[in-house]
Each structure stands twice: as structure tokens, then as C-alpha cells.
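Participant: What shape does this take:
(2 chains)
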Amino acid sequence: MIDIQNLTVTYGGTPVVQGVSFQVGAGESFALVGESGSGKSTILKAIAGQAPHWTGVIAIGGQPLQRRRDAAFLRRVQMVFQDPYGSLHPRRTVDDTLSEPLVIHRLKDRDARVLAMLDAVGLSRRFRFRLPHQLSGGQRQRVAIARALMLEPEVLLLDEPTSALDVSVQAEILNLLADLRAERKLTYLMVTHDLPIVSFLCDRLGVLRLGRLEETAEAASLRRAQLSSAYGQELVARSGAEG
Amino acid sequence: MSLLNVENLRVRFPTDHGEVEVVKGLSFSLGRERLGIVGESGSGKSMTGRALMGLINRPGKVSADRLEFDGIDLRNLPERAFRRLRGARMSMVMQDPKFSLNPVIRIGEQIGEALQFHRRMPARARRQAVLDVLEAVRINDPERVYRLYPHEVSGGMGQRVMIAMMVVLEPDLMIADEPTSALDVSVRATVLEILDDLVRRRGMGLLLISHDLDMVARWCDRILVMYAGRVVEECAAGKLHEATHPYTRGLLASVPRLNETRHRLPVLDRAMIGAGT
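Facilitator: I've put the predicted structure just below:
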């Protein structure tokens, strides 16, 4: 579903991602892990079209991406951001946020689709006309996930989707993501620094360090704490030390 | 003798819908040990820390049956007297160095400011004291960092600068409110090690406030678990996994593990906990 070949991304002439290649199959959940500055978020941005200077091949469903992302691409690929406090428009109601993609893509049955989506992400219908500041962090992240799903994409790009949330709320959102993936046959590409989340939600992972891909591994190897690269093992050890 | 004695601490804020109590009768004592307060957003853990430092401003109200720091009654302590305590005898490390350091003052001068306020000493000695404390928080080239502005250092370095500023006067009590949550995973352990080392070597009392159960269990001697303004559980850090309160158990269970095989994570039943406390 996602095919990345020899991807290099530069910011102001400095390469931040260098020669990265990996594939994510349809319905698979793949994680990119690494520290700040490893380039993991930059890869998501390159796919989403937010990092203009990249070379290599990014193909979604067999179609290589051009410089511009067209409407058809956005129907297939959507993104959920880290901070639900920053990613929702503060003066638009939940209904506005969820309807906007439908308006842009000229889809019908807006009313029914918004209500169905609120049910799908476990938000009570009474939240439909609320503003973001009237919602908790977990409810906001549900809205952000609902917004991303409005166009019924096949691929979700998840950038640290739970790191701004409390642990008990994190569990709810992780369950929601697992359920949605099973119900809708979604493909996930997730960026995180939290290895246990990878164990819970993903099938495979790629370990990034200083813009290069150190290894890709099965999540099963991660659960047994058996990554092959030295750096991967260091991350696992540190994750254990952190608790 | 305990460093800190707190009995029935309450913090209240007026709102449009009447007064809201965010800390509801907290009691604990702290010796020269490491005490952790864990809880989620809105549990009142940060407000507890701020109340101890005298940092709850009007219209917020703080009351307690007893609020003593080293025998000094902090209730109704005049602001002037509080300023003599803060920094010198009790200090607080905040969450995010980006927002807690003054962006237009060089790092060395910011640290020196506390010394200047609390202790008269010649400029040269003050400079040396700042360089020493920068070295104590494992900054390799203190001379260079002394001259930098806060935006020129990384998050981990910024947090070490914050800690340096807080320990330069060798306080007796250190309150660290989420000292690592704004930091990258790779530097969290380093920052906590530095904090831990200072606490042990200088015999400080540490109050570590965090939402991270595992981190607190690892770095503290004792733990208070707060929920909705109350302490629901108190235990030795090593025995956290034997916790009995449903909230604590629920929190522990909801964290994914590295060897995770569950297909669903248990979710807190808030209604049940609400009834239980």
C-alpha cells in the first residue's frame, strides 16, 4: 500500500532523511520509531506533502506521488496529529470540522455521515455542536481521528497520536485505533517514541537514527526485546529503564 | 524531624458555577526522602506543589490545618518572608524549560540572579559558583553555556540549566513538577539521574510530581496516588504493583507493555472510581 524507495528529504540543504526505503502492505500497521531529530516525523510530512524538498519514490497503492497532492490522494491518505489542542480550529464546532472535508470533496449526505462518524469514534451525538475548548483531550483526539476518517481513506498517517494524553485516555484511544483498523481494513503508518505502543498497535516497525533506517523488524521481535541493530537494542533497553 | 508537614490542605478556585475545590484535604509529611505524587490531568497534583511554594494567587484560596516547612508555618506567611524561602530553602523545577527561562538573559546571569538575591558575594565568586553548579548538572563546557541564551540550548540542556538554577543555593526541599515530560526519551533518564544524585548527595527532600507511574516508582521511595483532589493510595515505591485501589490498579493495567499481547487495553471505569472515593 505504501512503498517508499530511497527517500531523501532536505530542509534548507541539510538532509534530515537519507536514502530510506520500506514498504507497508495493505491493512498492515507499521511504526517508525526513533528519538527527536531521527527524521521519523519528516517522513510522514513528506508523504503528506508538507516537506517540499524530497527525492526518491513515494508510491501509494502503486501510484508514485507527484510534487502536488491531488484530491484523489487526500481521499486515500489522511493524517492524525500529535496535539489535539493544536490541531482543531478553536472557533469551529465539531460539526464544522467533520463537515469541511465533505464540502471540499463535494460529498452528499453530510448529516448522516457526521452522525455515523461520531458513533464510530465513540463520541456522543450531543458533542456535535460543541467547540474544542468544551471537550477533554481524549474527546478532542476522537474528533481529530473522526475528521481524518470522514473521507473514508485507506491509509492513516499517525504522528504520536497519544503522547499528549493521560495514560488512561491513551488506552481508550489506542483501543479505538485498533478497533477502527479492524473494522475498516485501514493501513497505519505511525510515528512514536514509545515502544510499548508499537507492541500493542503495530505489526512491524522501522528504527530510525539520524535520518537513516537502521533496521525493520517484526513487532513480535520487539515483544521479545530482540531487535537486530545495536541502536534498536539500545532503544529497547532504555524503554525498559524508563519503565 | 520532617521537613514538610501538611494536614488537610485544600485549594479552591471560584468559578461561574460556584467554588471548585481542586485539592480536597491532602495530608502527608516529607522527610529527607524522595516522595512521588502521581495522578492524571486534573487530579490536583500540580496545585499541591504550587500551594506548598505559595504560588497560588488570588482568587485561588489555600487553607490547611497545618502547613509547615522545617517548623515554619507557611499559612499566612507574608510574601516578603516567602521570597526569602523560595529559591534559597525550597525550590521548584517546572515542566518546560522553554517557557520557564527568561529568553533575553544569558544562562549564566539567570542562574547568578538567585545568588545575587539571596546571598551577597563578589561578582567573581558568584560567577565561579554558577560555573560549579553547571558542572554539577553535567554540562561539559560550563564556560560556553554560561554565555548562551536559552534558545541556543536543547531541551535536555535547558532542563539541566533549570535544575542548576534551583540547586545553586542548596535548598532543603526540591519540588519537581513533571521535570521530564517536555523532554526527549533519550535525555529523561539523564535528567532524573542528575536530580537523584543531587538529592542524595546534598540530603534534600524531593517531591516528584508526575503522571508517569513507572517513572515515579523507579525514582522515589514513597508514592501518593492522587485522583480528583484526594490521595487514593499511599505505598512504598517498590510495592506499587501490589496497589489495591481500583484507580491505581486501573492505571497500571492501562499502560501498554513492551511484551504486549492483549488485543484491548482495559479502560478505567470512572463512574465506579467516583463512587469508591
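
Participant: Report the central residue of the chain.
Facilitator: Chain wasn't specified; assuming chain A. residue A:158 (1.1 Å; C-alpha atoms, centre = their mean).

Participant: could you do chain B instead?
Facilitator: residue B:176 (2.0 Å).

Participant: Now it: which helix or strand?
Facilitator: For residue B:176, the element it lies in under DSSP states H and E is strand B:173-177.

Participant: what angle do the helix or strand following that strand and strand B:173-177 make?
Facilitator: Remark: after strand B:173-177, the chain's next helix or strand is helix B:185-202, criterion DSSP H and E. Helix B:185-202 runs at 170 degrees relative to strand B:173-177, counting by axes from the mean of the first three to the mean of the last three C-alpha atoms, to 10 degrees.

Participant: Spell out which parts of the stretch 101-250 of chain B neighbour chain A.
Facilitator: Taking C-beta under 8 Å from any C-beta of the partner chain as the test, the list of the stretch 101-250 of chain B residues beside chain A reads B:184-186, B:188-189, B:211-215, B:217-218, B:250. C-beta here means a position set from N, CA and C on the backbone, and glycine is covered the same way.

Participant: now those: which count as buried?
Facilitator: Buried members of those, counted by 16 or more other C-beta atoms under 10 Å in any protein chain shown: B:185, B:186, B:188, B:189, B:211, B:212, B:213, B:214, B:215, B:217, B:218, B:250.

Participant: Taking the residues you listed together, which two end up most distant?
Facilitator: Spatial extent of these (C-beta to C-beta) is set by the pair B:186 and B:250 at 29.7 Å.

Participant: Just put the buried ones among the residues of the stretch 101-250 of chain B next to chain A in TSV and tack on pLDDT.
Facilitator: Converted to TSV, those look like this (pLDDT from 0 to 100):
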residue	pLDDT
B:185	73
B:186	71
B:188	80
B:189	82
B:211	87
B:212	86
B:213	85
B:214	84
B:215	86
B:217	89
B:218	88
B:250	88
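
Participant: okay, now residue B:194: neighbour count?
Facilitator: 20 (other C-beta atoms under 10 Å in any protein chain shown).

Participant: Which residue is the nearest non-sequential neighbour of it?
Facilitator: Once flanking residues are discounted, residue B:194 sits nearest to residue B:137: 5.3 Å by C-beta to C-beta, 6 or more residues apart in numbering or on different chains.

Participant: Can you pull the phi and psi angles for that neighbour?
Facilitator: phi -100, psi 20 (degrees, to the nearest 10).

Participant: Local confidence estimate at it?
Facilitator: The model reports residue B:137 with a pLDDT of 86.

Participant: And it, how far from residue B:127?
Facilitator: According to C-beta to C-beta, to the nearest Å, residue B:137 stands 16 Å off from residue B:127.

Participant: Equivalent analysis for residue A:37, please.
Facilitator: Distance from residue A:37 to residue B:127, by C-beta to C-beta: 33 Å.

Participant: Nearest to chain A: which residue in the stretch 151-277 of chain B?
Facilitator: Residue nearest to chain A within the stretch 151-277 of chain B (C-beta to the nearest C-beta): residue B:214, separated by 2.4 Å.

Participant: hang on, isn't that residue packed against residue B:255?
Facilitator: Yes. Between residue B:214 and residue B:255 there is a contact under C-beta atoms under 8 Å: 7.3 Å.

Participant: Run through chain A and note the low-pLDDT ranges.
Facilitator: Along chain A, segments meeting pLDDT under 70 span A:240-243.

Participant: before we move on, what about the stretch 1-150 of chain B?
Facilitator: Using pLDDT under 70, the stretch 1-150 of chain B drops low at B:1.

Participant: ok and the residue in it nearest chain A?
Facilitator: The stretch 1-150 of chain B approaches chain A most closely through residue B:40 (4.1 Å), counting by C-beta to the nearest C-beta.

Participant: So that residue belongs to a helix, correct?
Facilitator: No. With DSSP: H, G, I helix; E, B strand; the rest coil as the criterion, residue B:40 is assigned coil and is not in a helix.

Participant: Could you pull up the contacting residues of it?
Facilitator: Residue B:40 is in contact with A:166, A:167, A:168, A:169, B:211, B:227, B:251, counting by C-beta atoms under 8 Å, 6 or more residues apart in numbering or on different chains.

Participant: and what of residue B:39?
Facilitator: Residue B:39 sits in contact with B:45, B:211, B:225, B:226, B:227, where contact means C-beta under 8 Å, 6+ apart.

Participant: How about residues contacting stretch B:223-239?
Facilitator: Contacts to stretch B:223-239, defined as C-beta under 8 Å, 6+ apart, come from residues B:21-28, B:35-40, B:42-45, B:48, B:216-218, B:220-222, B:240, B:242-245, B:247-248, B:251, B:273-274, B:277.

Participant: Would you mind listing which of these are buried?
Facilitator: Buried among these by 16+ other C-beta under 10 Å: B:22-24, B:26, B:28, B:35-40, B:43-45, B:48, B:216-218, B:220, B:222, B:240, B:243, B:245, B:247-248, B:251, B:273.
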